[in-house]
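K.L.:
With the input below, show me the fold.
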Amino acid sequence: MRRVRLAESKAANAREDIEVCESLILLFERVLMIKDIVEKIHESAYCSECNQHKILCLMSRRQAPLSEATLQQLKALLSDSEFCSRVHDLFLREAGFRVEVLRGEIDEAMKIGRNPKFAEIELEMELEKLEISDFNGVLCLYGENLKASYEGVSNCARGHYGDGVEAFVAEYYVVYKVVLLFYEEYRRSRYVLDDIELDLSASLIDLYSGVDVRLQDVDRQFAKYGLLSFNENMRFDCDHLARGVVDKRLNKFFSIPVSQILAESIYQLYSDGKVGTLAFRIKCIADGRPSMEEKAYGSILDLEVSELPAVSEFYSVERFGDKLTVIHDQKSQSLIFEELNDDFQLAGDSVVTQLVHLEYERTEGGYLITHIDHEQILYSLDQYEQRVSEADVSVRGHKVKSFKIDGASIPFDYRFKDELFLVIVLDDFFVNKKLIAEYFEGFNAGERKV
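P.N.:
Numbers count the residues shown, from 1 in each chain. Predicted coordinates for the structure are as follows:
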């Protein structure tokens with residue numbers, strides 16, 4: 001009898017396992033279907049007739065990939081609990097992303113004396129979203145949104161839809177918001193990939209050839225890394241709207257991928273003679289000044305830098321998958337800071353992490369940073385799994401540099417506007433500011449831990 005019961009129990013467990021697998025496969029297929037839809041939306045052209053969001057325009061036209069049949073399919077998915085749970089997870093992730101962006105904007109505004117009022121209002125709204133515990137809460141919020149924006153959305157859709165647009169909007173508004181969630185996730189992923197793949201080398205070579213400069217021959221950083229070196233012909237031009245350098249020989253504005261405070265602090269170091277060579281990755285070339293939208297054991301940082309352990313890791317209390325890894329090579333006198341996050345950023349099939357590398361030397365006056373650069377690291381999924389699960393710091397992905405400083409003599413405790421320069425660099429590229437603050441806790445307090 002025991003054998004029969006045991007067999008029945010095993011069979012029941014096997015059926016449960018099969019049901020779970022089937023459920024996961026079904027969920028995966030549904031998510032893939034939506035991702036295929038948002039990819040097609042992203043590739044579609046903007047409508048010059050209505051100038052509305054692509055999703056709303058295609059929905060009101062009932063045009064592929066958002067035909068009425070597809071809208072009905074998507075609406076039916078909202079009765080699937082597994083899919084709704086996936087939407088809720090995405091909703092929270094998007095809200096969390098906005099919270100980090102807004103906090104960064106507020107910090108930046110405070111540092112340079114601007115009023116962050118509107119960002120603070122939006123931050124409160126995003127923080128409230130993080131308190132929503134399930135998909136029903138998301139539905140309630142969307143219901144409130146619809147009441148507030150019903151007339152505006154209906155007017156936008158009426159041009160293509162015609163009579164009966166109000167009923168159409170009421171029926172598919174939640175579908176619109178859900179597709180918008182997936183679309184924003186995809187769009188951000190594409191932005192990261194496009195940014196990494198952006199290569200203006202040919203344009204720069206062409207520009208400089210017009211003033212008899214063979215860039216690939218005279219600029220070693222350009223020949224090796226595709227970075228444009230700063231020289232006596234250039235000046236910095238930066239504020240909260242745009243960050244870049246201007247070459248007087250060309251009268252061109254070269255946009256650089258750093259914040260206002262980092263650009264200003266680098267320029268101050270350069271002006272003070274603490275930087276030997278300086279080079280940037282160019283993100284945009286403009287005739288005039290463009291107007292840009294503002295857009296995770298070991299030891300804390302010690303003033304006795306050479307005594308730091310080989311590897312330090314700091315974990316987020318809220319999410320253990322978020323960590324800041326600091327690798328110290330005593331022999332080569334270098335430090336590598338790398339941020340790993342639970343909600344990692346994807347660019348195509350690659351996981352993108354942020355990495356800051358520096359080299360230092362010890363002098364009678366203290367420790368000096370002699371080299372510093374920032375890189376985006378692209379790991380394959382297998383590499384990232386090995387990097388995270390096995391804490392394998394030897395794993396290295398493809399590197400894309402954004403800026404590079406050589407021949408420098410920057411004191412470790414150098415401050416710009418009362419902020420440590422190294423903190424400014426890390427804050428500019430890393431998401432988890434709390435882990436950075438924890439690592440620099442002793443340094444900021446002026447403690448000497450030996």
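K.L.:
Helices of the stretch 151-300 of the chain, start to end?
P.N.:
Assigned by DSSP state H, counting those that start in this stretch, the helices in the stretch 151-300 of the chain fall at 165-197, 201-209, 215-218, 220-225, 260-271.
K.L.:
May I have the second one as CSV, with CA atoms only?
P.N.:
Backbone C-alpha positions of helix 201-209 (Å, rounded to 0.1, in the frame of the first residue of the first chain) are rendered in CSV as follows:
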residue,chain,number,x,y,z
SER,A,201,34.7,58.4,-35.8
ALA,A,202,34.1,58.8,-39.5
SER,A,203,32.4,62.1,-39.0
LEU,A,204,35.2,63.4,-36.8
ILE,A,205,37.9,62.3,-39.3
ASP,A,206,36.0,64.1,-42.1
LEU,A,207,35.6,67.2,-40.0
TYR,A,208,39.2,67.5,-39.0
SER,A,209,40.5,66.7,-42.5
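K.L.:
show me the contacts for the residue nearest to the spatial centre of the chain.
P.N.:
A centroid search over the chain (Cα atoms, centre = their mean) returns residue 345, at 6.6 Å, as the residue closest to the centre. The neighbourhood of residue 345, defined by Cβ atoms under 8 Å, 6 or more residues apart in numbering, consists of 188-189, 192, 351-353. (C-beta placed from N, C-alpha, C; glycine too.)
K.L.:
between these, which is nearest residue 268?
P.N.:
Residue 268 has its nearest neighbour among the contacts of residue 345 in residue 353, at 28.6 Å by Cβ to Cβ.
K.L.:
who touches the closest one in this structure?
P.N.:
Neighbour list for residue 353: 338-341, 344-345, 376-377, 379, 384, 397 [criterion: Cβ under 8 Å, 6+ apart].
K.L.:
if we can go back for a sec, when you compare pLDDT across the contacts of residue 345, which one is lowest?
P.N.:
Of all those, residue 192 carries the smallest pLDDT score, 74.
K.L.:
need the contact list for it.
P.N.:
Residues in contact with residue 192 (Cβ under 8 Å, 6+ apart) are 345-347, 352.
K.L.:
For the residues you listed, which entry has the maximal number of neighbours?
P.N.:
Using other Cβ atoms under 10 Å as the neighbour definition, the contacts of residue 192 reach their maximum at residue 352, which records 23 neighbours.
K.L.:
The helix or strand it falls within: which residues count as buried?
P.N.:
When elements are assigned from DSSP states H and E, residue 352 belongs to strand 350-363. By neighbour count with 16 or more other Cβ atoms under 10 Å, strand 350-363 contains the buried residues 350-360.
K.L.:
re earlier: show me which of the helices of the stretch 151-300 of the chain has the highest average neighbour count.
P.N.:
helix 260-271 (a mean of 20; mean count of other Cβ atoms under 10 Å).
K.L.:
one step back: the contacts of residue 353 in helices, which ones?
P.N.:
Members of the contacts of residue 353 lying in helices (criterion: DSSP state H): residue 384.
K.L.:
Of the contacts of residue 353, which one scores lowest on pLDDT?
P.N.:
In this model, the minimum pLDDT among the contacts of residue 353 belongs to residue 344 (73).
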